[in-house]
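*Asks:* Okay, sequence plus prediction incoming.
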Amino acid sequence: MSVLTGDMLTAAKAQARAEAKVRRAAIAREMGRRAACQLVIPLSEAVLPLVPKGGIVAGYWPIASEIDPRPALAALAEQGRRIALPVTVAQGQPLEFRLWTPGAPTDESHYGAHIPRPGGASGRDEDGRVVVPDLMLKPLLAFTADGQRLGYGGGYYDRTAAAFPDVATLGVAYSGQQVDYLPVGPFDRPVGGVVTELGLILPR
Ligand SMILES: Nc1nc2c(c(=O)[nH]1)N(C=O)[C@@H](CNc1ccc(C(=O)N[C@@H](CCC(=O)O)C(=O)O)cc1)CN2
Ligand SMILES: Nc1ncnc2c1ncn2[C@@H]1O[C@H](COP(=O)(O)OP(=O)(O)OP(=O)(O)O)[C@@H](O)[C@H]1O
């Protein structure tokens, strides 16, 4: 796998993103609701052995055509895992994770995802507290069999992976988002696996 840099990398990523957005939107239209339900068992099976009871799973609130992990996050909460959601602090900074009880009130962020509402308002004191998760679930536009991942290009998740090198990561996606090739740059970090509605894909 060769690492691209500069204009070559920028152009290759822009093209891969454009293709992946069209592809994911078509998959979401066809099977979005069903896949969110189908994801509950494989995501639970993948996460439970990695995170002890009381441990923290960083999920995400879906935007655009991302696969919806919320039914699976609710199942994990039922199994005694705590859930956090990502919050952007500033451009060029890693993400921050705030505790959230599935079903509790949220606020909508400027990019469309919802973020936890600080405790008190929800009646749950912990909600909104900044935490370091035991596992990060990452949405993505496309992924490869060896765990390379393409995001929106904010670099948020790559910076967060760099800031928390010991935190385990799993991508979450529709199985149809798998591609044979993705351009890889110097900051791209592969995920430890990708969970789809069909099961867990571990890097070769
Ligand atoms: N669900 C979710 N939450 C997330 C992310 C994400 O990718 N998905 N983020 C990951 O970094 C962070 C938020 N940062 C973001 C940075 C850029 C764009 C973005 O560029 N969005 C698309 C528009 C999406 C659409 O409506 O098609 C764009 O502007 O092209 C979104 C979120 C943290 N929370
Ligand atoms: N650890 C880092 N330190 C400095 N810059 C970084 C780091 N990670 C990513 N970047 C920069 O952020 C920008 C976006 O990165 P990239 O194209 O890899 O985003 P992405 O992986 O698609 O998106 P995301 O990580 O938000 O899901 C690039 O200019 C990249 O060089």
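*Replies:* Sure thing, it's come through. Ligands and ions are numbered 1, 2, ... in the order given.

*Asks:* quick one: contacts for the closest residue to A163 other than its chain neighbours?
*Replies:* In this structure, A163 finds its nearest non-sequential neighbour in P94, 4.0 Å apart by CB to CB, 6 or more residues apart in numbering. Yep, even glycine has a C-beta here, placed from its N, CA and C like the rest. Residues in contact with P94 (CB atoms under 8 Å, 6 or more residues apart in numbering) are Y156, R159, T160, A162, A163, F164.

*Asks:* can you list the residues of the protein near ligand 2?
*Replies:* Within the chain, the positions near ligand 2 by CB under 6 Å from any ligand atom are 13, 150-159, 162, 185, 187-188.

*Asks:* which residues sit in contact with the closest residue to G176 other than its chain neighbours?
*Replies:* What sits nearest to G176 in space, not counting adjacent residues and going by CB to CB, 6+ apart, is I27, at 4.5 Å. Residues in contact with I27 (CB under 8 Å, 6+ apart) are A35, S65, Y174, G176, Q177.

*Asks:* now these as CSV including secondary structure, pLDDT and distance to L135?
*Replies:* Listed next are the contacts of I27 as CSV, based on DSSP: H, G, I helix; E, B strand; the rest coil; pLDDT from 0 to 100; distance: CB to CB, whole Å:
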residue, secondary structure, pLDDT, distance to L135
A35, helix, 98, 21
S65, coil, 98, 24
Y174, coil, 98, 20
G176, helix, 98, 24
Q177, helix, 98, 20
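
*Asks:* residues from the protein in reach of ligand 1?
*Replies:* 60-64, 66, 86, 88, 95, 111, 113, 139, 151-152, 154, 156-157.
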